[in-house]
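A.B. asks: Fold the following for me, if possible:
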Amino acid sequence: FTVNGNLTISGGTFSAPSGTLTLGSGFDNDGVFSHNAGTVVFSASSGTQHIDAVGTGSEAFNSITFSGNATWNMDSDLTVNGTFTQSAGTIYAPQTTLAVAGNFVRNGGTFVGNGGMVLLNGSDQTINGTTTFANLTKTVTAPRTLTFPAGETQTVTGTMTLRGADGAVLSLRSSTSGTQWKIDPQGTRSVQYLDVKDSNNVNATKIITAGSHVTNSGNNTGWAFPPNAPTAFSGTAASSTSILWSWTDASSDETGFKLESADGTVLLTVDSANTQSVTETGLVHGTSYTRQVVAYNADGGSDPSAADTVTTRASAPSIPELISPSDNALLNTLTPAFSFYRSADDDDGMGTYTLFLNPNASAAKTVFLGSVPTSGSESQDLATVTGTDDTGTAQLTDDTLLHEGSNTWQVRAMDTAENPSDSAVRTLVIDI
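C.D. replies: Numbers count the residues shown, from 1 in each chain. The predicted structure is shown next:
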């Protein structure tokens, strides 16, 4: 269906054909325009034509094509539910909003942004050709992809808004994987929840992504990407006053890592790349701590890892005091008896004792003493253990544990929460 001149809807409803409606001039809607899923082609070859699409009811086009060499002034908001195509002529976009739900295709002509906004409000969409936008916006609430033409430059003189949401990432991709698409955002940039690949920001100012949940999927230039967030973050109570925090390094470009509290307060900074653990000390026994870790580089910090909560061990038992042999004692047996005062534990109750022989030597031996009876005796693998309410004694039954000459010994007390306390180390000399 062809209209050689201007199409004017002065009232009522105009139902367009389901195929192609070709207009040889402009379009003026003061009524209701029903696009009927067809395509409107503006084919004027000369002059200045006006498009005023705002009517009294439905006013959206389905698909729209500009094929003539005329100048087209969009005098009001324009909504395109399908594809917007320009192959010739000069288009002055509306000073308000040009909304396109399909692809934005330009393979000829001139597009003048005119201070308005091009709103890409469809699902997965594609931009073709090279365009200078005044303002460009695409925001999504479900995972979507915006594809840019490989090797072509899109210029945005005003505000560029490209935003996804938590769980609804907007992916920015090239029409040819591995070949960069170019963007020149000259004004304000608003980016969030993006996944970017094959992009070249040709503007001298980098696109800052710190804190904006933007993923670098590779082959990008001119974007300031912080590292990826560490993964598999977890903690283990190392003692009553310390926790070992560990994670998996998920980036190759970090400078270091920061251990944070749940509210983002930085507690420790690790100024080295590829680190995957740090020990936090100076904590309170029997207390729960929630932590997270971020990676950082010169472009900012990553998103925080998943948090973990760990409780420090209860306070360690008191240090066991050694009784005999005395320090530097001279003995003439390889199976001496070792005595010590019991430890006390106010939190968890006492567990077991262990005797260490030559603990810092290559020939170190460990003798498990168990809980140490308060009366009678117990036979362990390497010693017979006796005790009272206050003391414990281990009589060695194996003469291969010590050697002639200088030896050392030490006792460890362990409570039921497995908090250790080590005695001082004493020396004894055996001369047989």
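A.B. asks: so who does Thr393 touch?
C.D. replies: Applying CB atoms under 8 Å, 6 or more residues apart in numbering to Thr393 gives the contacts 337-340, 385-387. The C-beta positions use only the backbone N, C-alpha and C, and glycine is treated the same way.
A.B. asks: if you set the cut-off to 7 Å instead, what comes out?
C.D. replies: 337-339, 386-387 (CB atoms under 7 Å, 6 or more residues apart in numbering).
A.B. asks: Quick one: the helices in the stretch 1-150 of the chain, in order.
C.D. replies: With helices called from DSSP state H, counting those that start in this stretch, the stretch 1-150 of the chain shows none.
A.B. asks: re earlier: go through the contacts of Thr393 and name the one nearest Gly68.
C.D. replies: Phe338 (103.6 Å; CB to CB).
A.B. asks: excluding its backbone neighbours, what's nearest that closest one?
C.D. replies: Ala394 (4.9 Å; CB to CB, 6 or more residues apart in numbering).
A.B. asks: so that neighbour, which of the three states?
C.D. replies: strand (DSSP: H, G, I helix; E, B strand; the rest coil).
A.B. asks: thought it was touching Pro336?
C.D. replies: No - counting by CB atoms under 7 Å, Ala394 does not reach Pro336; the two are 9.4 Å apart.
A.B. asks: These two: which is more packed in?
C.D. replies: For Ala394 versus Pro336, neighbours defined as other CB atoms under 10 Å are more numerous around Ala394 (27 against 19).
A.B. asks: picking up where we left off before, now, the contacts of Thr393 that are in helices?
C.D. replies: Judged by DSSP state H, these include no members of helices.
A.B. asks: Can you flag the buried ones in those?
C.D. replies: Those of the contacts of Thr393 that meet the buried threshold are 338-339, 386-387, by 16 or more other CB atoms under 10 Å.
A.B. asks: Would you mind listing the buried residues in stretch 267-280?
C.D. replies: 270, 273, 275, 278, 280.
A.B. asks: contact partners of it?
C.D. replies: Against stretch 267-280 from outside (CB under 7 Å, 6+ apart): 238, 242-249, 254-261.
A.B. asks: and if you look at stretch 78-91?
C.D. replies: With CB under 7 Å, 6+ apart, stretch 78-91 has contacts from 51, 53, 59-72, 94, 98-112.
A.B. asks: quick one, strands of the stretch 251-400 of the chain?
C.D. replies: For the stretch 251-400 of the chain, the strands defined by DSSP state E, counting those that start in this stretch occupy 256-261, 266-270, 277-280, 288-297, 300-301, 308-311, 321-324, 329-331, 337-341, 350-357, 365-370, 377-379, 383-387, 391-396.
A.B. asks: Direction included, what does the first one pair up with?
C.D. replies: What it means is strand 256-261. When pairing is defined by DSSP bridges, strand 256-261 lines up against strand 266-270 (antiparallel), strand 288-297 (antiparallel).
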